[in-house]
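1. Predicted model, plus sequence, below.
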Amino acid sequence: MKYLTLGAVAFGLSLTGGMAAAQDCPENLPTVEPGKLTMSINATLPPRQYLDASGNLQGLHPDLGNEIARRLCLEPVYANVGFEVQIPGLSSKRWDMVNTGMYYNPDRAKIMRMVPYVVNALAIVVEKGNPMGIDSYDDLAGEPVGTEISGFADALIREINEEQVASGMEPMDIQAFNTFGDAFAALGAGQVKAVFGPDATAAYLAERGAFEVGASGLNPGLPSSFGFDGETGEVLAEAVAQALRDMVADGTYDEMMSAYGATQIQDWADYEGDIKVYYTPE
């Protein structure tokens, strides 16, 4: 298991680089390792989570994790692992929380505690210049399309494909890769004609000239959430939710979201007026 070095917003420092104000420390928080908040992450999605040229972890998700850990008086630690092992890793006590931009949905909230914190949308990323003129799901019919295995985008593009095939269109050749990084590498190599994934990542890559956004703002309104074990994560999940509430109240949350051009959780259609823990076991 690979543990990552902290990036620009390090433990104990604010976004502007000054020493953060002292915090009241919650007592006896149950964590895998005393004094540390261990978070799983998949550092393959710039600008939300990625490794810079020096191998340091950067992005919105680690920035949020670092600030939450600071407010809980814990040292942030990150395990860089594939998404498919992150939820099982909670119950096996490999880490305390999932911090990888995991989508909230009611089915997941039946097996784990979830704290939504940012609103997402999806995009279709294509080759530079968009030679095939792809700007909708219909344009993907009959084409090889890459995505990340086991994630929301993977499930959604398969649903869309089934609907299109049922209407008489050619099936997509959907190729699920271990990471979005692998999917974008396949796009660059011509193995796939498009990648279906987060719009923030699409915009980041397009700005740097590597690829182009064929369509964005698709299926908006689904939030990313922190995840905690359903059976043992109650105390820690509520502590993290309270830290986020405090960040909203003092402006830190707005500052972080604005820095990354992220849509705040208040714009989620199902937002109830306060950050909360969702857990509805059957």
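-> Arrived safely. Numbers count the residues shown, from 1 in each chain.

2. Model confidence at residue 45, what's the number?
-> As predicted, residue 45 sits at a pLDDT of 88.

3. That one against residue 57, yeah?
-> No. Between residue 45 and residue 57 there is no contact under Cβ atoms under 8 Å: 11.8 Å. C-beta: built from backbone N, CA, C; applies to glycine.

4. what's the burial count for residue 73?
-> Neighbourhood size, residue 73 [other Cβ atoms under 10 Å]: 15.

5. and what of residue 144?
-> Using other Cβ under 10 Å: residue 144 sits among 16 other residues.

6. where does the most centrally placed residue in the chain fall, phi/psi-wise?
-> Relative to the mean C-alpha position of the chain, the nearest C-alpha, by Cα atoms, centre = their mean, is the one of residue 101, at 1.4 Å. Taking degrees, to the nearest 10, you get phi 80, psi 30 for the backbone angles of residue 101.

7. Between the two ends of stretch 220-237, what distance do you get?
-> 25 Å (Cα to Cα, to the nearest Å).

8. Distance from that stretch to the middle of the chain?
-> Mean-position distance between stretch 220-237 and its chain equals 12 Å (Cα atoms, centre = their mean, to the nearest Å).

9. ditto for stretch 61-68
-> With Cα atoms, centre = their mean, you get 12 Å for stretch 61-68.

10. So which bits of that stretch are buried?
-> Buried residues in stretch 61-68, counted by 16 or more other Cβ atoms under 10 Å: 61, 62, 63, 64, 65, 66, 67, 68.

11. Closest one of the residues you listed to residue 265?
-> Nearest to residue 265 among the buried residues of stretch 61-68 is residue 64, at 11.4 Å by Cβ to Cβ.

12. Please name the nearest non-neighbouring residue to that closest one.
-> residue 256 (6.3 Å; Cβ to Cβ, 6 or more residues apart in numbering).

13. In terms of secondary structure, what does the host helix or strand of that neighbour contact?
-> In this structure, residue 256 is located in helix 252-259 according to DSSP states H and E. Helix 252-259 sits against helix 60-71, helix 234-250, strand 263-264, with contacts defined as 3 or more Cβ pairs under 8 Å, 6 or more residues apart in numbering; DSSP states H and E.

14. Report the angle between the second one and helix 60-71.
-> Which is helix 234-250. 100 degrees (axes from the mean of the first three to the mean of the last three Cα atoms, to 10 degrees).

15. what about the strands in the stretch 151-282 of the chain?
-> With strands called from DSSP state E, counting those that start in this stretch, the stretch 151-282 of the chain shows them at 173-177, 194-198, 212-229, 263-264.

16. Using a markdown table, please lay out these together with distance to residue 274 and mean pLDDT.
-> Shown next, in a markdown table, are these (distance: least, Cβ to Cβ, whole Å; pLDDT from 0 to 100):
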| stretch | distance to residue 274 | mean pLDDT |
| --- | --- | --- |
| strand 173-177 | 36 | 97 |
| strand 194-198 | 26 | 94 |
| strand 212-229 | 14 | 92 |
| strand 263-264 | 13 | 92 |
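
17. Please indicate which of these has the most neighbours on average?
-> Each of these was scored by mean neighbour count; the highest is strand 194-198, a mean of 27, by mean count of other Cβ atoms under 10 Å.

18. other SSEs contacting that one?
-> Secondary elements touching strand 194-198 (3+ Cβ pairs under 8 Å, 6+ apart): strand 112-126, strand 144-148, helix 152-166, helix 180-188.

19. Now tabulate the ones you listed in a markdown table and tack on mean pLDDT and distance to residue 243.
-> A markdown table is the format used below for the helices and strands packed on strand 194-198 (pLDDT from 0 to 100; distance: least, Cβ to Cβ, whole Å):
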| stretch | mean pLDDT | distance to residue 243 |
| --- | --- | --- |
| strand 112-126 | 95 | 10 |
| strand 144-148 | 96 | 28 |
| helix 152-166 | 96 | 25 |
| helix 180-188 | 92 | 28 |
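
20. Any idea which of these gets closest to residue 250?
-> Comparing the helices and strands packed on strand 194-198 by Cβ to Cβ, strand 112-126 comes nearest, at 15.6 Å.

21. Least confident secondary structure element in the chain?
-> Taking mean pLDDT, DSSP states H and E as the measure, strand 2-3 is the helix or strand of the chain with the lowest mean score, a mean of 57.
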